[in-house]
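Undergrad: sequence and predicted structure are below.
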Amino acid sequence: MIRLGLIGYPLSHSLSPRLHAAAFAAVGLDGEYHLYPVAPDDNAGLAQLTTRIRKGELQGLNVTIPHKQTVIPLLDDLTPFAQAIGAVNTLFLKDNKLIGHNTDAPGFLSDLHKAAPKGFSEKKALVLGAGGAARAVVYALLRDDWGVTLAVRRADVEQAAALMASMKRDAGDRFHHPVLLEAGELSPLVDGIRLIVNATPIGMFPVVGNSPWPDGLLFPRCAVVYDLVYNPRETMFIQQARAAGLHTASGIGMLVEQASLSFETWTGRVPPRDGMFAAVEEK
Ligand code: NAP
């Protein structure tokens, strides 16, 4: 029996158990995937779960908000992806060492390539937000030769600058100064943008009537709009972009990809993506 799970808080709407049940069934392995809600300040709870991996009681854990960074001091080592991003979403034991890995970045990139199978004429991206998911997205884009501009609210300019500084080695001159997520700042640069990624929680259940796109700002004429939010599948932002004639993608593809990559890390088996998509689309 393979025992896996997810640490985070809150976890009431998590789709991960369904995704992994489908993966276990598809590859014919006997396994279970539990939710482990751990409150933001519960360091003892976090430590207890990591110890269970060290003891072999659990074969691996996913980690989500708010522990993607706070769990790092409890680990022995990070994979190069996790090290560069500064956040982990997958824990596993290797040679008696507890390792932190990040499958968000490759999961995002792999799904982005599916969303735009013909590729992009120019690789200029605008990423909204500067939190944990933005770090993974920016890292993935820089590794895929994109030029990246971050658009953030005023209170996050320092955080965005720190994100840029930490990725300077991968970025070279392809990282531009962060701008404010406001129509006046964005309108002069928006036309050259070919990809817009929402890495803020704006539009996520239960506050579904909001969009991160500033009022009155025109969309570029030709761009892909990728919303990391997957609940609801069709956010206000996606609806606006589609109404402007743009190609869109929701975060459900990335969710499936990052889960598949974590599953592969733990079991060595590649689960079929179709079965996992079907599992999360079931009512
Ligand atoms: P996070 O670490 O809390 O970061 C969110 C970012 O958005 C922060 O920069 C935050 O600023 C900013 N933000 C929040 N409210 C804002 C507002 N009203 N206006 C402008 N900026 C705002 O969260 P995260 O882990 O990056 O997750 C972000 C979203 O991505 C969530 O909806 C999450 O579910 C989704 N996600 C999806 C996947 C997937 O597989 N599809 C994977 C990871 C994350 P402050 O720091 O100032 O609050």
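TA: Looks like it came in fine.
Undergrad: distance of whichever residue of the chain sits closest to the ligand from residue 140?
TA: As assessed by C-beta to the nearest ligand atom, the ligand sits closest to residue 131 within the chain, at 1.8 Å. Every C-beta, even on glycine, is put in place using the N, C-alpha and C of the backbone. Counting by C-beta to C-beta, to the nearest Å, the separation of residue 131 from residue 140 is 15 Å.
Undergrad: what of residue 274?
TA: Residue 274 is 23 Å from residue 140, by C-beta to C-beta.
Undergrad: between the two, which is the more surrounded one?
TA: A count of neighbours by other C-beta atoms under 10 Å puts residue 140 above the other of residue 274 and residue 140, at 23 against 11.
Undergrad: residue 106 is in contact with that one, correct?
TA: Yes - Residue 140 sits in contact with residue 106 when judged by C-beta atoms under 8 Å, with a separation of 6.9 Å.
Undergrad: residues from the chain in reach of the ligand?
TA: Residues of the chain lying near the ligand by C-beta under 6 Å from any ligand atom: 65, 104, 129-134, 153, 155-156, 181, 199-202, 204, 228-230, 251, 254-255, 258.
Undergrad: show the buried residues in the residues you listed.
TA: Buried subset of the residues of the chain next to the ligand (neighbour count, 16 or more other C-beta atoms under 10 Å): 65, 104, 129-134, 153, 156, 181, 199-202, 204, 228-230, 251, 254-255, 258.
Undergrad: give me the number of neighbouring residues for the spatially closest residue to residue 178 that is not a sequence neighbour.
TA: Nearest-residue entry for residue 178: residue 160, 3.7 Å, with adjacent residues in sequence omitted and distances by C-beta to C-beta, 6 or more residues apart in numbering. Residue 160 is flanked by 23 other residues according to other C-beta under 10 Å.
Undergrad: pretty sure residue 160 is touching residue 153, no?
TA: No - counting by C-beta under 8 Å, residue 160 stays clear of residue 153, with 9.7 Å between them.
Undergrad: what's the end-to-end length of stretch 266-273?
TA: Stretch 266-273 has an end-to-end distance of 16 Å (C-alpha to C-alpha, to the nearest Å).
Undergrad: tell me the domain boundaries of the chain?
TA: As given by automatic domain parsing, the domain ranges for the chain are 2-102+255-281, 105-250.
Undergrad: any chance of a markdown table for these, columns mean pLDDT?
TA: Shown next, in a markdown table, are the domains of the chain (pLDDT from 0 to 100):
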| stretch | mean pLDDT |
| --- | --- |
| domain 2-102+255-281 | 96 |
| domain 105-250 | 94 |
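Undergrad: may I have stretch 7-22 as CSV, with CA atoms only?
TA: Taking Å, rounded to 0.1, in the frame of the first residue of the first chain, the C-alpha atoms of stretch 7-22 are listed here in CSV:
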residue,chain,number,x,y,z
ILE,A,7,-0.5,19.3,3.8
GLY,A,8,-2.2,22.7,3.6
TYR,A,9,-4.9,24.9,5.1
PRO,A,10,-7.8,25.0,4.4
LEU,A,11,-8.2,21.9,2.3
SER,A,12,-12.0,21.5,2.1
HIS,A,13,-12.2,22.1,-1.7
SER,A,14,-9.1,20.1,-2.6
LEU,A,15,-9.3,18.0,-5.8
SER,A,16,-6.1,16.2,-5.0
PRO,A,17,-7.6,13.0,-3.5
ARG,A,18,-9.8,12.5,-6.6
LEU,A,19,-6.8,13.1,-8.9
HIS,A,20,-4.6,10.6,-7.1
ALA,A,21,-7.4,8.0,-6.8
ALA,A,22,-7.7,8.1,-10.6
